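S.K.: Let me see the structure of the following:
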Amino acid sequence: MKLALAEPRYLKDPIAIISELVNEVRLKIDKDKIEIIAMDPANVAMVIFRLLNTVFLDYDVKNKQEIAVNLEHLKNVLKRAKPSDTLIVELDEARNKLRIQLKGESTRTFNLAILDTEEREQQIPNLKFPVKVEMNSMMFDEAIEDMDIIAESVNLIADQKKLTIHAEGTVSDARVEINHKEDEANIDLQGSEIKSKYSIEYLKKIIKGSKLADKVILQFSKDYPLKVDYVVRDKLSLSTILAPRVDSD
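M.R.: Now for the predicted structure:
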């Protein structure tokens with residue numbers, strides 16, 4: 001197995017974002033893509049990342065591989081990659097290491113230990129959503145950061161005309177309203193108003209995906225998981241499924 005990437009950011013940035021939620025991952029590598037499916041330690045958020053073979057200069061994968069690595073260690077190596085470097089990833093089966101080379105003005109080589117993990121394989125849940133909102137990713141970032149100064153959780157409320165992002169603290173509350181317009185948000189809703197609550201702590205980590213894509217896709221339902229998608233066509237996708245915060249009366 002040998003992979004060569006001319007633009008290291010396509011792996012570097014997603015790994016940095018995923019590492020906010022997950023400590024260890026399995027890199028599933030086949031002839032079409034690199035894939036990560038991982039759950040955070042608290043079982044609150046699932047991350048699904050796919051990096052397509054079309055991004056690579058060289059993509060030589062003869063057999064499917066599953067390589068478990070410490071994500072913090074991988075992130076720290078990838079942070080050393082310069083935009084002008086070529087990133088080369090190879091499996092050293094004899095030493096049971098993942099070799100990462102950064103080739104630029106010099107050639108820097110890192111050998112990461114492959115973990116022996118018995119963690120069960122994560123299955124992506126089959127979720128059906130009555131609402132889908134596509135909007136500017138920076139606009140969603142700003143709304144979550146606004147809500148963060150008020151409370152620890154946020155309500156997402158969708159109707160045919162707008163998406164409302166609302167937070168209510170002990171003595172204060174705030175809301176952001178984003179209208180259903182081509183230049184603001186595209187709302188596809190089946191039925192009437194839908195409202196659900198989610199953790200701002202997790203959302204602050206998830207919205208770092210805006211570094212990857214100009215648009216974000218939100219899908220949710222009442223007291224149901226939220227799916228947040230960042231997609232770069234023909235290159236990569238980063239999705240997070242976040243459990244809802246359900247009020248107990």
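S.K.: got the contact list for Ala4?
M.R.: Applying C-beta atoms under 8 Å, 6 or more residues apart in numbering to Ala4 gives the contacts Phe56, Leu57, Asp58, Tyr59, Thr86, Leu87, Ile88, Val89. The C-beta positions use only the backbone N, C-alpha and C, and glycine is treated the same way.
S.K.: Mind doing that once more with 7 Å?
M.R.: By C-beta atoms under 7 Å, 6 or more residues apart in numbering, the residues touching Ala4 are Phe56, Leu57, Asp58, Thr86, Ile88.
S.K.: now it, what's its secondary structure?
M.R.: Here Ala4 is recorded as strand under DSSP: H, G, I helix; E, B strand; the rest coil.
S.K.: mind giving me the domain split of the chain?
M.R.: Using automatic domain parsing, the domain parsing of the chain gives 2-113, 131-242.
S.K.: wait, which of the ones you listed is closest to Ile124?
M.R.: Closest to Ile124 of those, according to C-beta to C-beta: domain 2-113, at 6.1 Å.
S.K.: distance of the residue of the chain most remote from its centre from Ile150?
M.R.: No residue in the chain sits farther from the centre than Val171, which is 33.1 Å out by C-alpha atoms, centre = their mean. From Val171 across to Ile150, the span is 10 Å (C-beta to C-beta, to the nearest Å).
S.K.: Also Glu66?
M.R.: 43 Å.
S.K.: The two: which has the busier surroundings?
M.R.: Between Glu66 and Ile150, counted using other C-beta atoms under 10 Å, Ile150 has the larger neighbour count: 19 against 13.
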